[in-house]
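Colleague: only geometry, no sequence info:
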């Protein structure tokens, strides 16, 4: 397919925003990104999630006994880098000369955004694969009661109170926004990544609430950040590449390679990454995330 660029006559002083799904779920995961990875597709990376030292002990001097020294246990999740994601673009000489005015803005950044959207689907797939453990009424009128139950279950499982999220599909988002009691609390998300900051619609029952078009219809997921580890690795730049470097986009480790194909008289730009996502299990069970769904109408 031939690239399509706007000519100077067609370009207005302001551009319209592209219609695209936001990548917000990945910003709420337990992230692990690294440049210049020397492994390969299929490699396994252990992502550290917790350090356990056990309960504090009480020293009894009168007993004449020394203190008990305990071992430290680190808890991690093995994430397989089973996805090699990339976006490649060919740039014929004439297009590169006449149409590409800013390579980073017109080519590299859109490529990185394309790969980032694909990474987002990896996270969503883990969430959508969870069995539904809480069901709302067909009209969703009990959404607040179900959220409170989700909070209670996470509390009982010992899930930390901070860094909790409630990701919702469009249908569940509408239920929360149309609440006549206006229970959603506005939140200052100034310290969050741009995409996440724009997506957050408020806080409710200890959750940061955000919508995602990547979630299955009529569903939501209540979770702690550590519930979904996400790993990205930027591969080494090949020795034969004319230009290459590790880059970061939205916290993802990516690789940009640009070289020349003399047989077709064109440049070639490829942005890629190795990626993997998983769900954290404690004692073999998913305790840090709950999936909620709206029951189908009778």
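Modeller: Thanks, I have the structure now. Bear in mind that the values here come from a model prediction, so they are computed numbers and not experimental data.
Colleague: so residue 279: helix, strand or coil?
Modeller: What DSSP: H, G, I helix; E, B strand; the rest coil gives for residue 279 is coil.
Colleague: how about the contacts made by the residue lying closest to it once chain neighbours are set aside?
Modeller: Take residue 279 and drop its neighbours on the chain: the residue closest to it by C-beta to C-beta, 6 or more residues apart in numbering is residue 126, 5.1 Å away. The C-beta positions use only the backbone N, C-alpha and C, and glycine is treated the same way. Contact analysis of residue 126 by C-beta atoms under 8 Å, 6 or more residues apart in numbering lists 228, 277, 278, 279.
Colleague: which of these sit farthest apart?
Modeller: The most widely separated members of those, counting by C-beta to C-beta, are 277 and 279 (8.2 Å).
Colleague: looking at the two, which has the bigger crowd around it?
Modeller: Set residue 277 next to residue 279 and count neighbours by other C-beta atoms under 10 Å: residue 277 wins out with 26 against 18.
Colleague: any idea how far residue 224 is from the more buried one?
Modeller: Per C-beta to C-beta, to the nearest Å, residue 277 is found 15 Å from residue 224.
Colleague: same check on residue 29?
Modeller: Distance from residue 29 to residue 224, counting by C-beta to C-beta: 10 Å.
Colleague: got the residue ranges for the helices in the protein?
Modeller: For the chain, the helices defined by DSSP state H occupy 93-98, 103, 109-128, 143-156, 170-177, 194-199.
Colleague: so which of the ones you listed is nearest residue 61?
Modeller: Residue 61 lies closest to helix 143-156 among the helices of the chain, at 36.7 Å (C-beta to C-beta).
Colleague: returning to what we had before: quick one: common contacting residues for residue 277 and residue 279?
Modeller: 126, 228.
Colleague: what sits against the closest residue to residue 148 other than its chain neighbours?
Modeller: Once flanking residues are discounted, residue 148 sits nearest to residue 205: 5.9 Å by C-beta to C-beta, 6+ apart. Neighbouring residues of residue 205 by C-beta under 8 Å, 6+ apart: 144, 147, 148, 151.
Colleague: ditto for residue 206
Modeller: With contacts defined as C-beta under 8 Å, 6+ apart, residue 206 is in contact with 151, 161, 164.
Colleague: quick check: phi and psi on residue 280?
Modeller: As for residue 280, its main-chain torsions (degrees, to the nearest 10) stand at phi -80, psi 130.
Colleague: what count of nearby residues applies to it?
Modeller: The number of residues packed near residue 280 is 24, by other C-beta under 10 Å.
Colleague: likewise for residue 222?
Modeller: Neighbour count for residue 222, taken as other C-beta under 10 Å: 29.
Colleague: could you do residue 114 as well?
Modeller: Each residue near residue 114 was counted by other C-beta under 10 Å, and the total is 15.
Colleague: ok, the one 10 residues further on next?
Modeller: Other residues within reach of residue 124 by the criterion other C-beta under 10 Å amount to 23.
Colleague: for the spatially closest residue to it that is not a sequence neighbour, give its distance to residue 256.
Modeller: Distance criterion C-beta to C-beta, 6+ apart; nearest residue to residue 124, sequence neighbours excluded, is residue 214 at 3.6 Å. Separation of residue 214 from residue 256 (C-beta to C-beta) stands at 25 Å.
Colleague: buried ones in stretch 105-122?
Modeller: Residues of stretch 105-122 classed as buried: 106-108, 111-113, 115-122 (neighbour count, 16 or more other C-beta atoms under 10 Å).
Colleague: now it: mean pLDDT?
Modeller: Stretch 105-122 shows a mean pLDDT of 92.
Colleague: that older thread, of all the helices of the chain, which lies closest to residue 58?
Modeller: With distances scored as C-beta to C-beta, the stretch of those nearest to residue 58 is helix 143-156 (26.4 Å).
Colleague: tilt between that closest one and helix 170-177?
Modeller: 100 degrees (axes from the mean of the first three to the mean of the last three C-alpha atoms, to 10 degrees).
Colleague: ok, and what's touching helix 143-156?
Modeller: 133-136, 161, 164, 166, 172, 175-176, 179, 183, 204-207, 222, 224, 287-288, 290, 292.
Colleague: give me the buried subset of the residues you listed.
Modeller: 134, 136, 164, 166, 172, 175-176, 204-205, 207, 222, 224, 287-288, 290, 292.
Colleague: now, the most widely separated pair of the residues you listed?
Modeller: Farthest-apart pair in the buried ones among the contacts of helix 143-156 is 175 and 287; separation 25.9 Å (C-beta to C-beta).
Colleague: and stretch 66-78, how far apart are its ends?
Modeller: Using C-alpha to C-alpha, to the nearest Å, one end of stretch 66-78 lies 38 Å from the other.
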